[in-house]
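**Q** for reference, the sequence and a predicted model appear below.
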Amino acid sequence: MTRRRVVVTGLGVVAPNGIGVDAYWDALMSGRSGVGPITAFDASRFKSRIAGEIKDFDPERYMPAKTAKRSARFARLGIAAGLEAFAHAGLAPRTGEEGTRAAIVIGSGIGAFDMFEEEHEAFLTKGVGRFHPLTVPMIIPNAAAGMLASETGFHGPNFSVSTACATGGTALGSVLDLIRAGRADVAIAGSSESTISPWALDGYCQLRALSLRNDDPQGASRPFSRTRDGFVLAEGAGALILEELETARARGATILAELLGYGATADGYHMTAPDPTNAGAVHAMKDALADAGVAPEEIDLVNAHGTSTPLNDEAETAAIKKTFGAHAKKLLVQSTKSMTGHTLAGAASIESVACVLQLLRGRVHPTINLTDPDPACDLDYVPLVARDVAPRTVMKNSFGFGGHNAVLVFRRWDG
């Protein structure tokens, strides 16, 4: 039996350096950072006081006012990205039975961390029955997926996944499996996160995970650099419309790229640190290549996890070398997080949008702030400026706390 092929027909993104696909693409190509001093609250008492915040986001521009009022910020970001992808794909809301062949998988690492914090404080200070009555349904991680079903009529499989910073990759891979298995013909797949709150910020500070380069916000996220000192906390969401190839063709959809393969593993080593043997990451990359039916030499570009932490960047470089052998030196490798900061669960879907755009538009975005490369990170990371190179096949790496690994392979659509 011939395996069903899965293509990308729509994109949506809400990122710190651009709301909407076109603004995001312009920022990527110009190497523009979305990181700045935290404005959501007074961060003066914290060790890290910078973040990739979504500025000028009015949810009612992207969804009905009723939907916005009943959604926490992480869900609003996910709904906005999902609805942009929905419109970009030229889809219309489904009615009745036709909606049962349409799935939604929008992941989140935590859900509404900020709202949880605010409403718990209200409970403690104001007492019983005095906090927001919709707190429970608004904070749960599957809220964005559920609300998108109401807006689109996609009434097939609908769920959230949570694999920390690998969540977006897991969501897209799960939809790839759903469509291949014949459980859906079309889906909205992606992830969303918004945890820029005092409690979350302090938690990451206590883990010593964040950059302390407060005097240089736009230069703070510096993956693969000798002077990197941690990631920059950020928020954001990305969504892709994935369709079975013949379904897309039948409705005359514009095909943007093909999702060829997916690999997922667990390190089983440590809650926050990567396995020094790189076994889980290497296995995930090799599984994705095998699932895609692609030889290592066919990969042109690796969109790295690239967090700007001392441990991740060196470990990921080593894993790429072990996976690709001599071909590693011929690869282009990049970190989108150099411009967005680390959007946690939102990262892999935001970065997958970048992968598809680069395949579609024939340019490769830079890794900014890479002026002093770490000698242990010795691959071609496309430093500082975009390149006029047209990749054909891209690998997207995502690695999360808990040792979760998710790897995707996309290919340019040649018709």
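**A** Looks like it came in fine. Residues are numbered from 1 along each chain as shown.
**Q** so, low pLDDT: which residues of the stretch 301-415 of the chain?
**A** Of all residues in the stretch 301-415 of the chain, none has pLDDT under 70.
**Q** mind listing the strands for it?
**A** Applying DSSP state E, counting those that start in this stretch to the stretch 301-415 of the chain gives strands spanning 301-303, 332-334, 393-400, 404-412.
**Q** I'd like the ones you listed as TSV, with distance to T247 and mean neighbour count appended.
**A** Bear in mind the C-beta positions are built from the backbone N, C-alpha and C, glycine included. Formatted as TSV, the strands of the stretch 301-415 of the chain follow (distance: least, Cβ to Cβ, whole Å; neighbours: other Cβ atoms under 10 Å):
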stretch	distance to T247	mean neighbour count
strand 301-303	27	26
strand 332-334	32	25
strand 393-400	23	28
strand 404-412	19	26
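**Q** for my notes, please list those in JSON lines and give distance to A184 for each entry.
**A** Listed next are those as JSON lines, based on distance: least, Cβ to Cβ, whole Å:
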{"stretch": "strand 301-303", "distance to A184": "26"}
{"stretch": "strand 332-334", "distance to A184": "31"}
{"stretch": "strand 393-400", "distance to A184": "21"}
{"stretch": "strand 404-412", "distance to A184": "18"}
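**Q** ok, which of the ones you listed comes nearest T317?
**A** strand 332-334 (8.0 Å; Cβ to Cβ).
**Q** what packs against the closest one?
**A** Packed against strand 332-334 by the contact rule (3 or more Cβ pairs under 8 Å, 6 or more residues apart in numbering; DSSP states H and E) you find strand 301-303.
**Q** helices or strands up against the strand it packs on?
**A** Right, strand 301-303 is packed against strand 332-334, helix 347-361, strand 393-400 by 3+ Cβ pairs under 8 Å, 6+ apart.
**Q** and D42, which of these is closest to it?
**A** The nearest among the helices and strands packed on strand 301-303, by Cβ to Cβ, is helix 347-361 at 26.5 Å.
**Q** can you point out the buried residues in the closest one?
**A** 347-360 (16 or more other Cβ atoms under 10 Å).
**Q** how about the strands of the stretch 301-415 of the chain, which one is nearest L77?
**A** The nearest among the strands of the stretch 301-415 of the chain, by Cβ to Cβ, is strand 393-400 at 18.1 Å.
**Q** mind checking how far that closest one is from the chain centre?
**A** 10 Å (Cα atoms, centre = their mean, to the nearest Å).
**Q** and that strand, what does it pack against?
**A** Using 3+ Cβ pairs under 8 Å, 6+ apart, strand 393-400 sits against helix 167-180, helix 279-292, strand 301-303, helix 310-324, helix 347-361, strand 404-412.
**Q** adjacent strands (with direction) for that strand?
**A** When pairing is defined by DSSP bridges, strand 393-400 lines up against strand 301-303 (parallel), strand 404-412 (antiparallel).
**Q** among the ones you listed, which is nearest G169?
**A** strand 404-412 (3.0 Å).
**Q** and the closest one, C-alpha only, in CSV?
**A** In CSV, the C-alpha atoms belonging to strand 404-412 read as follows (Å, rounded to 0.1, in the frame of the first residue of the first chain):
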residue,chain,number,x,y,z
HIS,A,404,12.5,14.9,24.8
ASN,A,405,13.8,14.9,21.2
ALA,A,406,11.7,15.6,18.1
VAL,A,407,13.1,16.0,14.6
LEU,A,408,11.3,16.9,11.3
VAL,A,409,12.4,16.8,7.7
PHE,A,410,10.8,19.1,5.1
ARG,A,411,11.4,19.2,1.4
ARG,A,412,10.8,22.0,-1.2
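**Q** got the angle for it vs helix 279-292?
**A** 30 degrees (axes from the mean of the first three to the mean of the last three Cα atoms, to 10 degrees).
**Q** now the angle from strand 404-412 to helix 167-180?
**A** 60 degrees.
**Q** I'd like the distance from strand 404-412 to the chain centre, please.
**A** With Cα atoms, centre = their mean, you get 12 Å for strand 404-412.
**Q** equivalent analysis for stretch 367-376, please.
**A** Using Cα atoms, centre = their mean, the offset of stretch 367-376 from its chain centre is 23 Å.
**Q** repeat that for stretch 307-315.
**A** On Cα atoms, centre = their mean, the centre of stretch 307-315 falls 18 Å from the chain's centre.
**Q** repeat that for stretch 131-146.
**A** 21 Å.
**Q** assign the closest residue to P64 other than its chain neighbours to helix, strand or coil.
**A** The shortest distance from P64 to any non-neighbouring residue, by Cβ to Cβ, 6 or more residues apart in numbering, is to E151 (7.7 Å). Three-state call for E151 (DSSP: H, G, I helix; E, B strand; the rest coil): helix.
**Q** what's the answer for A103, then?
**A** Quick answer, by three-state DSSP: A103 is strand.
**Q** got a pLDDT number for it?
**A** On pLDDT, A103 comes in at 98.
**Q** I'd guessed it sits against D177; true?
**A** No. Judged on Cβ atoms under 8 Å, A103 makes no contact with D177 at a distance of 10.7 Å.
**Q** and those two? Which one has more around it.
**A** Set A103 next to D177 and count neighbours by other Cβ atoms under 10 Å: A103 wins out with 25 against 14.
**Q** mind listing the residues bridging to that one?
**A** A187.
**Q** so what's it up against?
**A** F154, G156, P157, N158, V175, L178, I179, R183, A184, V186, A187, I188 (Cβ atoms under 8 Å, 6 or more residues apart in numbering).
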